[in-house]
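Undergrad: Generate a structure from the sequence data that follows.
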Amino acid sequence: MNNIGSVYSNRGDLVQALDFYQQALRILREVGDRPGEAATLNNIGMVHDDRGDPEQALDFFQHALRILRQVGDRAGEATTLNNIGLAHHNRGELKQALDSYQQALPIRRQVGDRDGEAATLNNIGGVYSNRGDLEQALDFYQQALRILREVGDRAGEATTLNNIVAMHHNRGGSGAGSRIPPAGRDHPPTSTSRP
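TA: Alright, predicted model coming up:
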């Protein structure tokens, strides 16, 4: 059900995605699959965020975070903290977004999630850029760029370069008031099977 929900979400059919995620959530709760439940709560939260309801998204992310901490899933915890940061970022709550990203970053490093580390660094750069602290933003973007080049993530590299260009454009004044959106979104595993 989670995989079907992801297909609908990727196609932009958020109503269908939400329906399948909710079906999956009921089943996962019935069988007691707590990590799967947390992944599905994250997926539901992302659908709500995509639908323009970050407050509802935050409720689902917070619930997922509690479960992930209970089961000791550090990688999932970092993913969820990043998603919480994204929801705050989308609401314009930059301090809360930064707090969440800064909680996610050391966990990403601890578990060796280089792609996730780069996404979180990019998101931190976006917060600093939106706050007008362009030197700090550039520092975080450059850290993300180094990692993305090391891991060969060309799409992530392009996004980060685009953020750097937008930031320089804003510094020049012709893009004043532009907001750099969060770049790195995390999708938890859609399958509940663990290797």
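Undergrad: what's the distance between T160 and G152?
TA: 14 Å (C-beta to C-beta, to the nearest Å). Backbone N, C-alpha and C define where each C-beta goes, glycine included.
Undergrad: Domains in this structure, by residue range?
TA: Domain assignment for the chain by automatic domain parsing gives 1-72, 94-187.
Undergrad: In CSV, list those along with mean pLDDT, distance to T80 and mean neighbour count.
TA: Converted to CSV, these look like this (pLDDT from 0 to 100; distance: least, C-beta to C-beta, whole Å; neighbours: other C-beta atoms under 10 Å):
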stretch, mean pLDDT, distance to T80, mean neighbour count
domain 1-72, 94, 5, 19
domain 94-187, 87, 8, 18
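Undergrad: do you know which of these lies nearest L81?
TA: Of all the domains of the chain, domain 94-187 sits nearest to L81, with 3.8 Å by C-beta to C-beta.
Undergrad: looking at it, D113 is touching A75, isn't it?
TA: Yes: taking C-beta atoms under 8 Å as the definition, D113 is a contact partner of A75 at 6.0 Å.
Undergrad: quick one, helices of the chain?
TA: 2-11, 14-31, 34-50, 54-71, 74-90, 94-111, 114-131, 134-151, 154-171 (DSSP state H).
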